[in-house]
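>>> give the three-dimensional model of this entry:
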Amino acid sequence: MKSLPKAPPPAKKEIARRPESKKQQKVSEANKQKPKASSAIGETPVKSFTLQVASLRDSAGAKKLVSDLKSKGYGAYAVTARVNGKGIYHRVRVGHFKDLNEAGKMAARLRREKFEPLVIRE
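Below is the predicted model of the structure:
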């Protein structure tokens, strides 16, 4: 049985590239200058932190606590949450912090005033 001769490999073709327009050059230069923020796979970006100082069933009590904290200079606010099987709670929180260190400093200040704040991711 005779074998067939092997075919020569295909010749490589030169692909002519169209020159970039000035607009494309500007866009590509701008993209090179701005490093993109990257996050690890599976990591959820965190906007900020807040401190929860109380979770009350009584909305009037929550409003009073917010008022008291504001009068002391804290950025206090209330958030209403429905907890399955338990009803409605009014959570009193303080501040919006960019990082955990800032939240920790404020938590220490609140502890000196006899609160037991929890750091919450927003």
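
>>> please enumerate the helices of this protein.
22-33, 59-71, 100-112 (DSSP state H).

>>> could you pull up the mean pLDDT of the last one?
Averaged over helix 100-112, pLDDT sits at 96.

>>> can you mark which positions in that helix are buried?
Buried residues in helix 100-112, counted by 16 or more other Cβ atoms under 10 Å: Ala103, Met106, Ala107, Arg109, Leu110. Glycine gets a C-beta too; all of them are placed from N, C-alpha and C.

>>> how deep is the closest residue to Glu116 other than its chain neighbours tucked in, by neighbour count?
Nearest residue to Glu116 in three dimensions, chain neighbours excluded: Val53, at 7.6 Å (Cβ to Cβ, 6 or more residues apart in numbering). Neighbourhood size, Val53 [other Cβ atoms under 10 Å]: 21.

>>> so who does Val53 touch?
By Cβ atoms under 8 Å, 6 or more residues apart in numbering, Val53 lies in contact with Leu65, Leu69, Ala76, Val92, Arg93, Val94, Leu110, Phe115, Glu116, Pro117.

>>> per-residue pLDDT, the first one?
In other words, Leu65. pLDDT for Leu65: 98.

>>> what sits against it?
Val53, Ala54, Leu56, Ala76, Val92.

>>> hang on, the third one packs against Ala62?
Yes: in this structure, Leu56 sits in contact with Ala62. The criterion is Cβ atoms under 8 Å, and the distance is 4.7 Å.

>>> what sits in contact with each of those two?
His90, Arg91, Val92.

>>> what is the nearest of those to Asn84?
Arg91 (15.4 Å; Cβ to Cβ).

>>> might one say that the closest one is in contact with Ser55?
Yes: with contact defined as Cβ under 8 Å, Arg91 reaches Ser55; the gap is 4.8 Å.

>>> these two: which has the busier surroundings?
Arg91 (18 against 15).

>>> save the buried residues of helix 100-112 as a markdown table, and put in distance to Ala81 too.
What follows is those, written out as a markdown table (distance: Cβ to Cβ, whole Å):
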| residue | distance to Ala81 |
| --- | --- |
| Ala103 | 20 |
| Met106 | 21 |
| Ala107 | 21 |
| Arg109 | 25 |
| Leu110 | 20 |
